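S.K.: what's the 3D shape of this:
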Amino acid sequence: MIELLSGLVLLIAGAELMVRAAVRLAARLHVRPLIIGLTIVALGSSAPQMAVSLQATLAHNADIAVGSVIGSSIFNILVTLGLSALVIPLRVSRQFVRLDIPLMIGASLLVFVLAWNEELTRADGVILLAALLLYLALLLRQSRHSVRPVSTHGHTGEAPWFTSLLMIVAGLGMLVYAGHLLLGAAVAVATDLGLSERIIGLTIVAVSTSLPELATSLIAALRGEREIAVGNVIGSNLFNLLGVLGVTALIAPSPLSVSPNALEFDLPVMLGVAVLCLPVFYSGYRVTRAEGLLFLGLYLAYGLHVVSFTTGMPLAGKLERLMLFFILPALVAFLLFTSLRAWRRQHHKKELP
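M.R.: Residues are numbered from 1 along each chain as shown. You can find the predicted model right below:
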């Protein structure tokens with residue numbers, strides 16, 4: 001209980017420090033907070049995921065290493081974005097729709113394709129890291145086009161940019177240590193309950209390592225920094241899929257095994273959730289509270305399915321049929337309708353004199 005409470009306090013304090021420092025750094029470097037959210041904040045909040053995946057791989061627990069990345073990607077979008085949208089509707093930059101979301105979908109598809117033979121080899125790790133370098137190069141190019149004009153007001157006496165960077169490092173250290181405390185408590189409980197490595201990775205470990213992203217995005221939303229709130233999620237998913245899995249596959253003493261269940265269910269869900277962002281973000285370039293509730297409902301259904309399927313509960317079959325024949329068709333129809341309405345509205349604006 002002490003570890004749990006300490007972890008939660010450090011998590012909130014570290015997230016608050018990270019967001020404050022990110023906003024100051026963006027202002028000092030004269031770039032949009034979006035760029036800082038997609039890079040420094042996202043990389044920092046992905047650090048616990050990297051540490052856990054490497055530790056699990058070296059301990060020959062490949063299911064935890066791979067499952068935690070998959071589960072974290074699903075959690076980040078459905079829960080972190082969902083809760084953040086409930087705090088305040090999130091404005092979405094056009095860059096997300098044109099660049100970052102398609103890249104996240106591409107990264108999810110790339111992992112799915114590379115894992116098709118039920119393993120991730122060192123060669124696959126090299127491919128994933130090369131894709132990450134390409135993404136960082138695109139971001140660097142994008143940052144040069146998003147430079148803000150230098151303001152002549154409000155800079156007198158401000159601390160230099162490396163002070164903000166030191167604050168980010170301090171906040172990152174608090175987040176990593178908080179994640180370590182929460183992860184240790186959660187895994188101990190899950191092991192006592194007799195859960196499998198795959199389920200521990202997809203749920204307990206994934207949620208624990210995603211808490212820094214959740215705390216950072218929620219704090220950013222509360223402070224009105226919506227670009228950081230959204231950029232942190234998208235950037236973290238890209239770093240997790242390309243960087244964490246790439247480094248883990250490269251360092252692992254043997255190829256990372258990918259379970260058939262992950263190929264049949266978890267990876268398709270991860271890819272589907274990434275694709276889901278495109279029409280949601282495109283319809284009005286915002287994530288509303290209703291869409292936030294939709295995301296949270298989808299994660300609840302996913303979590304219930306994973307737990308009921310693993311434990312052999314009769315609920316699994318009924319829930320799967322409900323999702324396949326009712327929820328998913330209704331969701332697809334809703335997204336098609338909102339996307340078509342958004343396209344017609346934007347097309348109509350272009351035709352106006």
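S.K.: can we go C-alpha only for contacts and neighbour counts from here?
M.R.: Fine.
S.K.: ok, residue 277 touching residue 100?
M.R.: No - taking contacts as Cα atoms under 8 Å, residue 277 lies outside contact range of residue 100: 10.5 Å.
S.K.: Quick check: what element follows the helix or strand residue 219 falls within along the chain?
M.R.: Assigned by DSSP states H and E, residue 219 belongs to helix 206-222. Moving toward the C-terminus from helix 206-222, the next helix or strand (DSSP H and E) is helix 226-238.
S.K.: orientation of that following helix relative to helix 206-222 in degrees?
M.R.: Calculated by axes from the mean of the first three to the mean of the last three Cα atoms, to 10 degrees, helix 226-238 forms an angle of 160 degrees with helix 206-222.
S.K.: Show me what helix 226-238 packs onto, helices and strands only.
M.R.: Here helix 226-238 touches helix 33-36, helix 42-45, strand 90-91, helix 101-114, helix 206-222, going by 3 or more Cα pairs under 8 Å, 6 or more residues apart in numbering; DSSP states H and E.
S.K.: let's see it at 7 Å
M.R.: When contacts are defined as 3 or more Cα pairs under 7 Å, 6 or more residues apart in numbering; DSSP states H and E, helix 226-238 sits against helix 33-36, helix 42-45, helix 206-222.
S.K.: Please point out which parts of the last one sit buried.
M.R.: Neighbour counts over helix 206-222 (16 or more other Cα atoms under 10 Å) mark 206-221 as buried.
S.K.: and that helix, what's its mean pLDDT?
M.R.: Helix 206-222 carries an average pLDDT of 78.
S.K.: and if you look at the first one?
M.R.: On average, the pLDDT along helix 33-36 is 62.
S.K.: Let me know the pLDDT of the residue nearest to residue 127 when sequence neighbours are not counted.
M.R.: Once flanking residues are discounted, residue 127 sits nearest to residue 246: 7.5 Å by Cα to Cα, 6 or more residues apart in numbering. pLDDT recorded at residue 246 is 92.
S.K.: any low-confidence regions in the stretch 101-250 of the chain?
M.R.: For the stretch 101-250 of the chain, applying pLDDT under 70 flags the ranges 143-162, 164-165, 168, 172, 175-176, 178-198, 200-203, 209.
S.K.: Repeat the analysis, applying 80 as the threshold.
M.R.: Scanning the stretch 101-250 of the chain with the threshold set as pLDDT under 80 gives 139-213, 215-216, 225-228.
S.K.: for the helix or strand residue 49 falls within, packing partners?
M.R.: Counting by DSSP H and E, the element that carries residue 49 is helix 47-58. Contact here means 3+ Cα pairs under 7 Å, 6+ apart; on that basis helix 47-58 packs against helix 62-75, helix 161-192.
S.K.: Name the surrounding residues that touch whichever helix or strand comes after the first one.
M.R.: Right, helix 62-75. Counting by DSSP H and E, the next helix or strand C-terminal to helix 62-75 is helix 82-87. Under the contact criterion Cα atoms under 7 Å, 6 or more residues apart in numbering, helix 82-87 has outside partners 217, 218, 221, 222, 287, 288, 289, 292, 293, 295, 296.
S.K.: Same question for stretch 236-248.
M.R.: 42-43, 45-46, 50, 53-54, 69, 73, 104, 107-108, 125-126, 128-129, 131-132.
S.K.: Need the CA coordinates for it. CSV is fine.
M.R.: C-alpha atoms of stretch 236-248 as CSV (Å, rounded to 0.1, in the frame of the first residue of the first chain):
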residue,chain,number,x,y,z
SER,A,236,4.5,7.4,-27.2
ASN,A,237,2.8,4.8,-29.3
LEU,A,238,5.3,5.4,-32.2
PHE,A,239,8.3,5.2,-29.8
ASN,A,240,6.9,2.1,-28.2
LEU,A,241,6.1,0.2,-31.4
LEU,A,242,9.3,1.3,-33.3
GLY,A,243,11.8,2.1,-30.5
VAL,A,244,10.9,-0.3,-27.6
LEU,A,245,10.2,-3.3,-29.8
GLY,A,246,13.1,-2.5,-32.1
VAL,A,247,15.7,-2.2,-29.3
THR,A,248,14.2,-5.2,-27.4
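S.K.: The residue lying closest to residue 292 once chain neighbours are set aside - how many residues pack around it?
M.R.: Once flanking residues are discounted, residue 292 sits nearest to residue 82: 3.8 Å by Cα to Cα, 6+ apart. Residues lying near residue 82 (other Cα atoms under 10 Å) number 27.
S.K.: and if you look at residue 329?
M.R.: With other Cα under 10 Å as criterion, residue 329 counts 12.
S.K.: For my notes, confirm it occurs in a helix.
M.R.: Yes - the assignment for residue 329 by DSSP: H, G, I helix; E, B strand; the rest coil puts it in a helix.
S.K.: which residues does it contact?
M.R.: By Cα under 7 Å, 6+ apart, the contact set of residue 329 is empty.
S.K.: what pLDDT does it get?
M.R.: Value listed for residue 329 in the pLDDT field: 70.
S.K.: ok, so what distance separates it from residue 249?
M.R.: 36 Å (Cα to Cα, to the nearest Å).
S.K.: And for residue 290?
M.R.: Noted for residue 290: a distance of 38 Å to residue 249, by Cα to Cα.
S.K.: Show me which of those two is the more surrounded one.
M.R.: residue 249 (29 against 13).
S.K.: Does the more buried one touch residue 123 like I think?
M.R.: No - the criterion here is Cα atoms under 7 Å, and residue 249 misses it with residue 123 at 8.3 Å.
S.K.: list the helices and strands the helix or strand hosting residue 127 packs on?
M.R.: Using DSSP H and E, residue 127 sits within helix 122-145. On a contact count with 3+ Cα pairs under 7 Å, 6+ apart, helix 122-145 meets helix 245-251.
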